[in-house]
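Peer 1: next one to model:
(one chain, ligands or ions: 1)
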Amino acid sequence: MTLEFIEYPDREMLFLSLADRVAGQLSQHLRVNDRASLCVPGGTTPAPLYDYLSGAEIDWPRITVLLNDERWVDGEHMRSNGRLLRRHLLHDKAEAAQYLDLYTGDASPEDAAPALSEAVAAHLPLTVLLLGMGTDMHTASLFPDASETVLALAPDAPAVMAVTSNRDEPRITLTASALKGAINTHLLITGADKREAFERAQSLDPTEAPIRAFLGDITVHWAE
Ligand SMILES: O=C(O)[C@H](O)[C@@H](O)[C@H](O)[C@H](O)COP(=O)(O)O
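Peer 2: Next up is the predicted model:
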């Protein structure tokens, strides 16, 4: 179990280098496998990374792209992570990728979770997992001190769970049983506050600091 921490001189260098590394790991996997899967975070940080990655000359039709989590809002809503991917990743060369949309249009994420669990399970283990993190040390939609997080961190959890205790809107999230075991795992964080939160998380329990559950074999990419 090795945690590698890479500090970049600036965010541009981070995004360029990480895009290249992710593209390389996907291509490497496709040399000996029919398909690959790329699981990525929403939020605001990764947009420039996705712009770089969208132009990568790799075999996108054999890659399934999916989110770590999704807010239960329409695909064109400002808060939609799918909207973020459609605007920054799923265009240019990456437009040819298969996209597994976690927003199904069902009335609630609870209604959608069982079928999504089956759909996601077909793409496990993830080939490349990229995680984000909030300054509260959440990742995906696994929030600190939430009853749902305790369930989502359990080894027998379904691959996908609904999150309805969050203050903003209902969400759907991959669980630890889906996110752990990825062949290549990366964490993308920027800024002093997230670096401090990352350092703090290492001595906390995963229910207090959900990102802690993934700090095994992982490469952490950080710039100011
Ligand atoms: O749906 C989400 O919000 C993301 O998947 C989430 O887990 C994100 O990675 C962190 O909240 C960091 O978000 P920022 O990049 O906006 O700080």
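Peer 1: run through who's touching the longest helix along the chain.
Peer 2: Taking DSSP state H as the criterion, the chain has its longest helix at helix 11-30. Helix 11-30 has contacts (C-beta atoms under 8 Å, 6 or more residues apart in numbering) with 6, 8, 36, 38, 48-49, 52-53, 56, 58-59, 62-63, 127-128, 130, 183-184, 186, 188, 190, 219, 221-224. Where you see a C-beta, it was placed from the backbone N, CA and C, and this is true even at glycine.
Peer 1: which stretch of helix or strand covers Leu85?
Peer 2: Taking DSSP states H and E as the definition, Leu85 sits inside helix 81-88.
Peer 1: so does that helix get close to the ligand?
Peer 2: Yes. Contact of helix 81-88 with the ligand (C-beta under 6 Å from any ligand atom) involves Asn81.
Peer 1: give the buried residues for that helix.
Peer 2: Within helix 81-88, the residues scored as buried using 16 or more other C-beta atoms under 10 Å are Asn81, Gly82, Arg83, Leu84, Leu85, Arg86, His88.
Peer 1: same check, this time on stretch 199-219
Peer 2: Within stretch 199-219, the residues that count as buried by 16+ other C-beta under 10 Å are Ala201, Pro206, Thr207, Ala209, Pro210, Ile211, Arg212, Ala213, Phe214, Leu215, Ile218, Thr219.
Peer 1: now, these that are in strands?
Peer 2: Ile218, Thr219 (DSSP state E).
Peer 1: need the max-distance pair from the buried residues of stretch 199-219.
Peer 2: Thr207 and Thr219 (24.3 Å; C-beta to C-beta).
Peer 1: contact partners of the helix holding Leu85?
Peer 2: Residues contacting helix 81-88 (C-beta under 8 Å, 6+ apart): 40-43, 46-48, 50-51, 54, 65, 67, 69-71, 75-77, 99, 101-103.
Peer 1: of those residues, buried ones?
Peer 2: By neighbour count, with 16+ other C-beta under 10 Å, the contacts of helix 81-88 hold 40-42, 46, 50-51, 54, 65, 67, 69-71, 99, 101-103 as buried.
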